[in-house]
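1. Turn this into a model:
(chains A, B, C and D)
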2 protein chains.
Amino acid sequence: MKQSLHERIRSDFERRILSGEMAPGDRLPIEQELVEHYDCSRMTVNKALTALANAGLIDRRKRAGTFVARPKVHSMVLDIPDLAATVRERGQDYSYVELARRVLRRSQVAPDDAALASGGQLLELSGLHLANGLPLALEHRRISIKAVPGIVDADFETAPPGSWLLEHIPWTEAETRISAAGAEPDEAKHLHVKPGAPCLQVERRTWRGNVPITYVRQLFLGDAYDLVARFGPSSAAQAAARD
Amino acid sequence: MKQSLHERIRSDFERRILSGEMAPGDRLPIEQELVEHYDCSRMTVNKALTALANAGLIDRRKRAGTFVARPKVHSMVLDIPDLAATVRERGQDYSYVELARRVLRRSQVAPDDAALASGGQLLELSGLHLANGLPLALEHRRISIKAVPGIVDADFETAPPGSWLLEHIPWTEAETRISAAGAEPDEAKHLHVKPGAPCLQVERRTWRGNVPITYVRQLFLGDAYDLVARFGPSSAAQAAARD
DNA sequence: CAGTGGTCTAGACCACTGA
DNA sequence: CAGTGGTCTAGACCACTGA
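-> Numbering: from 1, shown residues only, chains lettered A, B, ... in the order given. I've put the predicted structure just below:
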């Protein structure tokens, strides 16, 4: 595929910076010099450098110029993938087994879930994600029936609750928390581990606009599932490709 | 601060999309209509919409038009903050205690670390990160002496090894892996927990260009430290502000 | 106060692709 | 094949800020 000129300018400097040829603090040519070097208009140079600044590879300061940025250890892109898709990518069979389902009346809603229920009922679900028939993760979920009326009659044979929700009521906001937790006795039983075994705990709340949709807690076997974030040329190139 | 026109156009649609006023699949006006509505040039409209497309809020298709995108559950920005800075932001005292330090000769380098050592020696460090004098995380690290000659004589009283490295040999690539692990007996002792207690394990490898710099494994108390990722107006606005 | 980047214009030509 | 977005030009004025 043909590379546009601003992509070429960006990838030129991306390569120099990521290879270490240009070190943090080094100054880049000013836009006018690049205009002459690439024989193009200033807008094209500006587009390329703005993209590099967005990616955090360079810092731009008026009057002073443009400099290679120091890498920031904070803020990396982390893939929090769709479970079913991940399992299938590994070439394994994915399945979901529902363990429990009940409707919580208003009076049964815990104080912590008051905002989620927003005066209505909650659907409480528990289920197990399986890969090749073996437990991979246990999921506890509560869904606002007021926000998602159709959920009460939904069945999750074709898609687990998370995928069903994404398909029917796409969220606009999400907060994900990652921590470590020991498996409770009943959880341990479902996951085929000993009570207290270290698990990766992923909690997520989602909203559509200001309306809370769902809260979910997923417990992964500590050695069966990792989250990997990579920062470098490949991810920078991906970020660049979206520009 | 004054908002530029392309920022205003972007934030207008960002608000409509994130509030749910515009739903996934909805079509946005074509660029020419926005040119008339905002009374500006097409480049300005294009810059705003390109930024929204980069942020993943809209999809643009030639001939077909521009549409509100479905939210993607995968790929969220996760803050993996600098430990010392995080602790100090909480208003606590941060300190680092070195537990062990030794130089591994070539013959002592494990096969897994061959690439890291690249034929040279490794410096092996263990240390404890403390908040208000209480253990927060245990760190095991190996550093390529060939890549970072100055490390042998470094002391970490003012900055822990991670900060020292970032200051002296900024990396250009990093890979971070997050999982759950039980504390080994000696690790548990340092962290003041029982052996096998669930901990969040963060492993990171960094490179400068193609040269490996360090491998580090950090073990956090399961309930003392969380990683939180948020996707929504605030993070979208931050991403937007970098555009 | 002068150098640098930020933004914007009013066009143009083209590639892609769905009606 | 026509509508839409992708890219680019050759300027312009301005805000900021460090020499």
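2. Next, whichever residue of chain A sits closest to DNA strand C: secondary structure please.
-> With CB to the nearest atom of the strand, the shortest gap between chain A and DNA strand C falls at residue A:63, namely 2.9 Å. C-beta: built from backbone N, CA, C; applies to glycine. Three-state assignment for residue A:63 (DSSP: H, G, I helix; E, B strand; the rest coil): coil.
3. neighbours around it, how many?
-> 4 (other CB atoms under 10 Å in any protein chain shown).
4. same thing with residue A:62?
-> Residues lying near residue A:62 (other CB under 10 Å) number 5.
5. same question, residue A:164
-> For residue A:164, the neighbour count with other CB under 10 Å is 18.
6. I'd like to know the phi and psi angles of the residue of chain A closest to DNA strand C, please.
-> Dihedral angles of residue A:63 (phi, psi; degrees, to the nearest 10) stand at phi 70, psi -40.
7. Would you mind listing the residues in contact with it?
-> By CB atoms under 8 Å, 6 or more residues apart in numbering or on different chains, residue A:63 lies in contact with nothing.
8. what ranges do the helices span in chain A?
-> Remark: helices assigned in chain A by DSSP state H are A:5-18, A:31-38, A:42-54, A:83-89, A:114-117, A:161-168, A:185-191, A:233-241.
9. now those helices in TSV, with mean pLDDT and distance to residue B:67?
-> Listed next are these as TSV, based on pLDDT from 0 to 100; distance: least, CB to CB, whole Å:
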stretch	mean pLDDT	distance to residue B:67
helix A:5-18	94	24
helix A:31-38	98	34
helix A:42-54	96	23
helix A:83-89	82	22
helix A:114-117	93	30
helix A:161-168	87	17
helix A:185-191	96	41
helix A:233-241	40	19
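10. can you list the domain ranges for chain A.
-> A:5-72+A:231-241, A:83-221 (automatic domain parsing).
11. quick one, which of those is nearest to DNA strand D?
-> domain A:5-72+A:231-241 (2.8 Å).
12. does any bit of the closest one sit next to DNA strand D?
-> Yes: Domain A:5-72+A:231-241 comes into contact with DNA strand D (CB under 7 Å from any atom of the strand), by way of A:5-7, A:39-44, A:47, A:61-64.
13. separation between the residue nearest to residue A:96 when sequence neighbours are not counted and residue B:64?
-> Once flanking residues are discounted, residue A:96 sits nearest to residue A:160: 4.0 Å by CB to CB, 6 or more residues apart in numbering or on different chains. Noted for residue A:160: a distance of 31 Å to residue B:64, by CB to CB, to the nearest Å.
14. How about residue A:56?
-> Using CB to CB, we find residue A:56 at a distance of 32 Å from residue B:64.
15. Those two: who's more crowded?
-> More neighbours surround residue A:56 than the other of residue A:56 and residue B:64, with 16 against 9 (other CB under 10 Å).
16. number of nearby residues for residue A:143?
-> The tally of other residues near residue A:143 (other CB under 10 Å) stands at 27.
17. so it makes contact with residue A:211?
-> No: counting by CB atoms under 8 Å, residue A:143 stays clear of residue A:211, with 11.9 Å between them.
18. Return the distance of residue A:196 relative to residue B:50.
-> As defined by CB to CB, residue A:196 lies at a distance of 51 Å from residue B:50.
19. That should have said residue A:149, apologies.
-> 37 Å.
20. So for the two, which sits in the more crowded spot?
-> With neighbours defined as other CB under 10 Å, residue A:149 and residue B:50 compare such that residue B:50 has more, 19 against 11.
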